[in-house]
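Student: heads up, no residue letters with this:
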């Protein structure tokens, strides 16, 4: 191969490696995504063959004055914030605990990762049962330790209903953070810690100056992705409370589901989805800039 | 320096893994292609209220059709009941339409008004069994634009199920006959620790109860005035709504029930948590499995101050899609499913009330447990109430607006008057957009 | 000495709490699956029923289509895990080692695909796949799942590749190896833990996915087991006992899989590689 050919081959290398992923998502995801977004500007009633006319930004105008949407947005903040923050903290602690060798570690590891293997529909059902005073132990226990004033179902009262799906999503999501953080922790060369303890650094100092900085890029990506997923995640809520009672657990994602599949108004639902997309994109940009900042500071 | 020496065994292992992975992928792809079986003509049938035993019965009736028409194959698709509405809507919207579909009354307005269904009138004209159908069957079949877009296979009429066990424990000897008696009985049963008088369906599908309480208190089931505006803001309806809401607020229904759906109220009933539910004959199947005959009873629905009762009547049937390529064959299939003896076999399995006048004498229906329903049908003061399912917007109203607003009412966030106003607004709009 | 015992006892205490928290809901699933129908509600709160029965398991295995759903899920999940691993390893390596024009765009596109609620994609995707016969098929599901999981897997792989110094393959290439050869023989083996973790995630994501399995496939021939679980909720009998039994049965392969995978997670990087 002559020099020019080799240069072309080398220039094409990155594209060759990334081509499979790109082609796949372009064909299977981006096309439906584009179509879905286009619905936001049209009047699409799912079963009405005569709908489909272009309506411009009418949906967005309707959205701006939609009280249910604003309530859903508020619920989404609580839902996403609480779920992700708690999953992350508990997951990180678990990863740190598992990073040390101890007898039975392999068994423990396999056990604590099990929740992730349960389909979310079953997770929702299982936790709904756990919270149900007739068939579940939790109301009795919560009452016994004085965390609640009665043995009623948390899911039935608007003030506490969101707690159910949040707890369920934490239970399900801890393994995600635990596994990714553990794998990242294990890629940190052990001799860094060795030389640090030779130098007399305490466990905490080692954590702060070795672990955290090296972990930060992975943390940023996993928190970003998990937040995006949780924000878009309607399964647990639909199964456990169906957005109720009285819309107190309705998040943007479950609201989209309601508008799309109960009202059968795909145009309006797409406009809500588009707004959510924009919000999440802004959030993603923020996290990624943060990540780049951290990585630059490291090198 | 030379190449790094580690990883020889690692490299081997990685190679092996990659090879195994490629084999697995090939295997997976190969296994995922399923063989296609050719048939002369294939009819597509979709059932939407699926349950394993019911599907068996359906298959056996369909088999008699296939035997009678040797070069026709029927492909049955059974949708899970829970998400069946969403799933079927998605299929239809994407063009995956069947020839024959099971059509619940609440879906009729949606599909018929959008032109998706074929009129069955021409077929009914020449069908020998048409005269044997009772009046109600044809009347309800023609709900949309006075054209039969579906042929019902059975009726669901509400009656009052009560737990004899709980009644005995609370010192109640007869089931309540009026609205006031109902509230009094609920109160009595609720005084038992951990027990409640009424299993309220506060979540999905609860619209019927609100309508039944409202109409009974109102003395009339007219949903609209002559000018097409909704009657929900009439004091009678509001009184009924208030009574039901008060039952919950006074603790005569479990606190949980604000979220309850069909399965929850049935479970609440047979587990002995609450003493009364109002429901259709097909709930009998689930209840009879879990309770002994002397533990429960069925009574006609309560009457109001005007001595009239308005239990809701619902129906499900079979419809043909307008874009079916085998219309005559599809009709033959419907005729088999809804004909004699197919329909009776079907109703024996699913427990609906018959569409044929003669069927009332069938041993299935002379069973003492069906007595309440036939009493209702024979009582002139009992007016089976038909929901306005011909309205295109009814499905949305029933599945979205009602649960949300009624839950707000139960939780004390709005008053019954405010809820009635929101409902009236929605209904008037629905009626007007229908024109 | 005291500090060490304090450390280790709190360590074990925390581990114990985690294990309890993770396992209790699963224990409850098993408990419900073993409770006979008549005791399901009357003994609902008890930690263990007074009488256990295998009736639900027997029913699920003998009478429902569960074995078929199980097989379908296995095929789809394994196929997805393998395809995603291949595609994302290549993609992640490309993102890790190169900066090229279009890289920010690629990253942005991958992120965007994760941000749109899946509910909205159902209808357009159905319309896209139906004409080419990929609805009601397991292959269609594999393709869709691979596309969904590829972005996340690629980012994950990128992080794992980032942690391996570029010098390793550069050293090999100086010695005359091609980049791809160095990738296969040197880099990949080092990221076995990462590959295993990614494969494990994807397998379980595909295993538990419900929405698209439900909406894209209607016939039971192509149904996966989450869809099958839904069939236990019917109007005539909500058989929670059977549903939980089916759920328990379906968890077994996922558990086994994790058991096998985490062996690779334990093996860390060979820090000795760079020292030489």
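Tutor: Structure's in. What do you need? Please read all numbers here as calculations on a predicted model, not as lab measurements. Numbers count the residues shown, from 1 in each chain, chains lettered A, B, ... in the order given.
Student: where does the stretch 151-299 of chain A dip in pLDDT?
Tutor: Counting by pLDDT under 70, the stretch 151-299 of chain A contains low-confidence ranges at A:299.
Student: What parts of it come near chain C?
Tutor: Within the stretch 151-299 of chain A, the positions adjacent to chain C are A:171, A:174-176, A:179-180, A:182-184, A:186-187, A:189-191, A:217-218, A:221, A:225, A:228-229, A:232, A:234-235, A:253, A:256-257, A:260-261, A:266, A:269-270, A:273, A:276-277, A:280-281, A:284, A:288 by C-beta under 8 Å from any C-beta of the partner chain. Using the backbone N, CA and C atoms, a C-beta is placed for each residue, glycine as well.
Student: Nearest residue to the middle of chain C?
Tutor: Residue closest to the average C-alpha location in chain C (C-alpha atoms, centre = their mean): residue C:204, at 1.8 Å.
Student: now the helix or strand containing that one: how far from the chain's centre is it?
Tutor: Residue C:204 belongs to helix C:192-208 when assigned by DSSP states H and E. Put simply, helix C:192-208 sits 5 Å off its chain's centre (C-alpha atoms, centre = their mean, to the nearest Å).
Student: next one: phi and psi at whichever residue of the stretch 151-300 of chain B sits closest to chain C?
Tutor: Nearest residue of the stretch 151-300 of chain B to chain C: residue B:271, at 3.3 Å (C-beta to the nearest C-beta). Backbone torsions for residue B:271, taken as degrees, to the nearest 10, come to phi -90, psi 0.
Student: How about the contacts made by it?
Tutor: A:134, C:40-42 (C-beta atoms under 8 Å, 6 or more residues apart in numbering or on different chains).
Student: can you rerun that using 6 Å?
Tutor: Residues in contact with residue B:271 (C-beta atoms under 6 Å, 6 or more residues apart in numbering or on different chains) are residue C:41.
Student: quick one: it from residue B:122, how far?
Tutor: Distance from residue B:271 to residue B:122, counting by C-beta to C-beta, to the nearest Å: 50 Å.
Student: What parts of the stretch 1-150 of chain A come near chain C?
Tutor: Taking C-beta under 6 Å from any C-beta of the partner chain as the contact definition, the stretch 1-150 of chain A meets chain C at A:14, A:17-18, A:20-21, A:24-25, A:28-29, A:32-33, A:35-36, A:94, A:97, A:108-117, A:119, A:121-122, A:126, A:134-135, A:137.
Student: Residue 231: neighbour count?
Tutor: Going with chain A. Neighbour count of residue A:231, defined by other C-beta atoms under 10 Å in any protein chain shown: 23.
Student: try again with chain C
Tutor: 26.
Student: my read: it touches residue B:81, true?
Tutor: No. Contact criterion C-beta atoms under 6 Å: residue C:231 and residue B:81 do not qualify, at 8.5 Å.
Student: ok, back up a step: now the buried members of the residues of the stretch 151-299 of chain A next to chain C.
Tutor: A:171, A:174-176, A:179-180, A:182-184, A:186-187, A:189, A:217-218, A:221, A:225, A:228-229, A:232, A:234-235, A:253, A:256-257, A:260-261, A:266, A:269-270, A:273, A:276-277, A:280, A:284, A:288 (16 or more other C-beta atoms under 10 Å in any protein chain shown).
Student: care to break the chain down by domain?
Tutor: I'll assume chain A. A:1-41, A:59-298 (automatic domain parsing).
Student: my bad, the chain I had in mind was chain B
Tutor: According to automatic domain parsing, the ranges for chain B are B:41-156+B:314-370, B:159-310+B:391-434.
Student: need those in JSON lines with mean pLDDT, can you?
Tutor: Formatted as JSON lines, these follow (pLDDT from 0 to 100):
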{"stretch": "domain B:41-156+B:314-370", "mean pLDDT": "89"}
{"stretch": "domain B:159-310+B:391-434", "mean pLDDT": "91"}
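Student: will you turn those into JSON lines that also has distance to residue C:33?
Tutor: Converted to JSON lines, those look like this (distance: least, C-beta to C-beta, whole Å):
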{"stretch": "domain B:41-156+B:314-370", "distance to residue C:33": "18"}
{"stretch": "domain B:159-310+B:391-434", "distance to residue C:33": "17"}
